[in-house]
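Engineer: Predicted model follows, preceded by the sequence.
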Amino acid sequence: MALRELFVCVKQSVAVEGAVSLSADERLLAPECRKWVPNEADAFALEQALRLREAGAVESVTCLTAGPVEAGAMLALCLAMGADRAVRIDLPEGAFLDGSATGALLGAAIERLGGRLVLAAQRSDDGRSGIVPAAIARALGAAYLSNVAATRFDGERVEVERKLERGNRQVWAAALPAVVAVEPGTILPRYVSVAALILARRRPVEELTAQSFGVALDALPQLTALQRLAPPRLRPKKTAALASGLSSADRQKLILGGTVGGTKEKRVLKGSPAELADEVVSLLRERELLSQEER
Amino acid sequence: MSGILVFAEHNSGTVERVTLELLGEARRLAREAQVEVSAVVFGDRASALVEPLAHYGADVVYLFEDERLRHYDPGLVVASLGRLCEAEAPLLVLLPATTTGSDVAVRLSLEHDWPLAPRVMSVNLREGELEFVRPVAGQAVHAFVRGTSPGPRLATVAPEAIGVESPDTGRSARVARGELVVPEHSSIEVGEFTASDPRTLDISEAEIVVSAGRGVGSKANMRLVQELADALGGSVGGTRVVVDLGWVPKERQVGQTGKTVTPRLYVACGISGATQHTIGMKEAATIIAINTDPGAPIFKLADLALEADVAELLPVLTERCDAERRG
C-alpha cells in the first residue's frame, strides 16, 4: 500500500555577496552582504521523493522548512518542482539553533503532522554539517539511512543504495519510520520553468509556530554554541609590482595572496621512456598513489 | 586518559591518508594539552595498521578486529566506540569527514549528546576549552564554535585540509584489544557491499583518471591508455576532441562540456591543455602530463611534465606500474 504523505525537509541557504560584514555581536552576517539562495542539495532529495510518488509508492510529497519569511522562496521552488504541499515553521530572525536543535524541531513537527518517511539532503550548501537529518531521525525514533544515491520503497520497508568513496556502493534497509539523507549530485533534478515558478509563488504556504506543536525553542537540545564569525584572514601582499607575463587568474592570486604558486618556470623533463617512467614511479611512490594488489 | 582519540579510517588494510593528517593534528594539540594520542581501528584485518599509526603519532592503538567489521556497520562501530569513549573519557575525538567518519561522528554525537563540530579547518585550545573553526556560507566566513554539553568533543576534518606530517619510524604504540559491543536492537539491516569497477565507474567518482587527448595518435593507441589505467587502478577519460573522434565514450569526457573531476591523480596523455579541458581537471591533487610539445599549456598545471610521445612512453610506464603494484 502506498504511504499517504512523504516529507522532504528543505532550507534556504546563505551566501555572501561582496565584502563580508558582520552584526555588532559578530554572530550574524550583516544584511547588506547576506543573500538567501535556494539550497541546491535539496533538489536531489526532492527529485527522489517525486520519483517515489510517480512510481506510486507514496501518495503525496510535502516540503517542510524552518526559518524566517525569506525561507518561503525555497518552498515556492519545491512547489514548482512538483511538491503537493509546503509548510514553514516560523523562526525568528537570528534564532541560533545548531544542527541537533534544528533536527529536533523538524522532527517534532513531522511527528505532529504524522510523517513516517522523511527525505533530506545529506548536507546543506552553506553549513555542510550533515547533522540535521540524523537529528530528525532521533526525534522521530526513526532509522537513519545516510549518503543515499537511490531509494526503493514498497510502502513498508525502505531500501537504499549508499554512495561510498571510490565509487563503492552499500545497501542498507530499514522499516518505517525512517529518515533518508540523499547525497547531492546522485540524480538529475527536473527542470523548473520560470512560468511554473511564478505560478508556484501564488500557491499557499502553511505556517506553523513551534508553540503550536508544543515545542519551546529555548528548550531544544543544543550541543554547540557559535562564538563568533570572522571573515577568512587575507595574508598581506608581499609584492607591490605585478610581474608581467602572468595570466589574469595568477595576477588575481598575486593580489589576494601575495604569491603565486607554480608560476615559476616549470621544468619539462626529457629523456628515454625508461628514465621518464622512473620519474613517474618515484612521484607516485612519494605521494602514495601506487596501490598494492591485495594478497 | 582524557587524551585525544583519532578514528583511524583505512581501506582494506592500508591507512587512509586523512588518518595520518588527523594524527598530526592530534599530536600538535596533545603537546599543547600535555596528553596522549590514541587511535582506534575497526576492521577485519586491523593489526597491520598498528605500526603506521604509531609512526605518525599514536601512543595507544585500540584494535577492534572482527569478521563482522569487514564493511561498515553503524550499529557495531557506534556502540563499541561509544563504550570506549565512556571508559576512556577523551578530551577530543577526531574523525575524518569521509562518508564513514562523518556517519560515525553524527551517530555518536546524537546518541550521547556529545558536541560535534563537522568539517573543521582547525582546532584551538583556548583557556582550557577547545574551540573549532569551520567554514560556513560557501567558505566565505569562518565560524568559531564551542561545545556546550558535557562529554568528549567530536570533530570531523575534511581530507587534505591539514596535510601529513613526516613520520617518526622510531615510535611504537601500546596495543589494546577492544571487545565489540553488539547492540540489542539495530534499526538498520546492513546489506550487500559492491566494490566499484574502474572500467565502468563514473569518472567524477574516480580517484585516478588517465585521460587521452588527440596526441594519443589513433584509436588503436587507446588500448595503451586503458592498460595504464588498469595498472594504476584508474578510469579512462578524454578530451572533447577524442570523444568527437569516437575514441572515448561521451560520458567519460572531461572539461567544460563534459564532467568536472577532482581525482587524487590525473594523467594527461597527449592533451595540449586548452582551457575548455583544464577547467574540468585543474583541481586534481596530482597532475602528470605527457606531450610531445614542450610549450603545451597543460605543462603549466602539471606536477610532472614529460616531453615524450605517448605511444612510446605508455607501454614502458604501464610495465613499471604493474611491477610496482605486484610488489
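Structural biologist: Perfect, I can see it now. Numbers count the residues shown, from 1 in each chain, chains lettered A, B, ... in the order given.
Engineer: didn't residue B:194 look like it was pressed against residue A:164?
Structural biologist: No: Residue B:194 is beyond contact range of residue A:164, at 9.4 Å (criterion: Cβ atoms under 8 Å). From N, CA and C alone the C-beta is placed, and that goes for glycine too.
Engineer: higher neighbour count, those two?
Structural biologist: It is residue A:164, of residue B:194 and residue A:164, that has more neighbours when counted by other Cβ atoms under 10 Å in any protein chain shown, with 21 against 13.
Engineer: For the residue lying closest to the more buried one once chain neighbours are set aside, list the residues it contacts.
Structural biologist: Of all residues beyond its chain neighbours, the one nearest residue A:164 is residue B:99 (5.1 Å), with distances taken as Cβ to Cβ, 6 or more residues apart in numbering or on different chains. Residue B:99 is in contact with A:146, A:147, A:162, A:163, A:164, A:165, counting by Cβ atoms under 8 Å, 6 or more residues apart in numbering or on different chains.
Engineer: One more pass at 7 Å, please.
Structural biologist: Neighbour list for residue B:99: A:147, A:164, A:165 [criterion: Cβ atoms under 7 Å, 6 or more residues apart in numbering or on different chains].
Engineer: show me what contacts the last one?
Structural biologist: When contacts are counted by Cβ under 7 Å, 6+ apart, residue A:165 touches B:98, B:99.
Engineer: which SS state does residue B:45 fall under?
Structural biologist: coil (DSSP: H, G, I helix; E, B strand; the rest coil).
Engineer: Residue A:281 now?
Structural biologist: With three-state DSSP as the criterion, residue A:281 reads helix.
Engineer: mind checking how far it is from residue B:18?
Structural biologist: Residue A:281 sits at a distance of 24 Å from residue B:18 (criterion: Cβ to Cβ, to the nearest Å).
Engineer: Those two - which one has more neighbours?
Structural biologist: Counted by other Cβ under 10 Å, residue A:281 and residue B:18 do not tie: residue B:18 has more neighbours, with 23 against 17.
Engineer: Mind telling me what element the more buried one is part of?
Structural biologist: Element membership for residue B:18, per DSSP states H and E: helix B:17-33.
Engineer: Quick one: list the elements packing against that helix.
Structural biologist: Using 3 or more Cβ pairs under 7 Å, 6 or more residues apart in numbering or on different chains; DSSP states H and E, the elements in contact with helix B:17-33 are strand B:4-8, strand B:37-43, strand B:92-96, strand B:122-126, strand B:153-157.
Engineer: can you put the contacts of residue B:99 in JSON lines and add secondary structure and distance to residue B:227?
Structural biologist: Output for the contacts of residue B:99, formatted as JSON lines (DSSP: H, G, I helix; E, B strand; the rest coil; distance: Cβ to Cβ, whole Å):
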{"residue": "A:147", "secondary structure": "strand", "distance to residue B:227": "33"}
{"residue": "A:164", "secondary structure": "coil", "distance to residue B:227": "27"}
{"residue": "A:165", "secondary structure": "helix", "distance to residue B:227": "25"}
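Engineer: which of those residues lies closest to residue A:197?
Structural biologist: Compare each of these with residue A:197 using Cβ to Cβ and the shortest gap goes to residue A:147, at 29.9 Å.
Engineer: List the contacts of the closest one.
Structural biologist: A:122, A:162, A:163, A:181, A:183, B:99.
Engineer: Brilliant, that's me finished.
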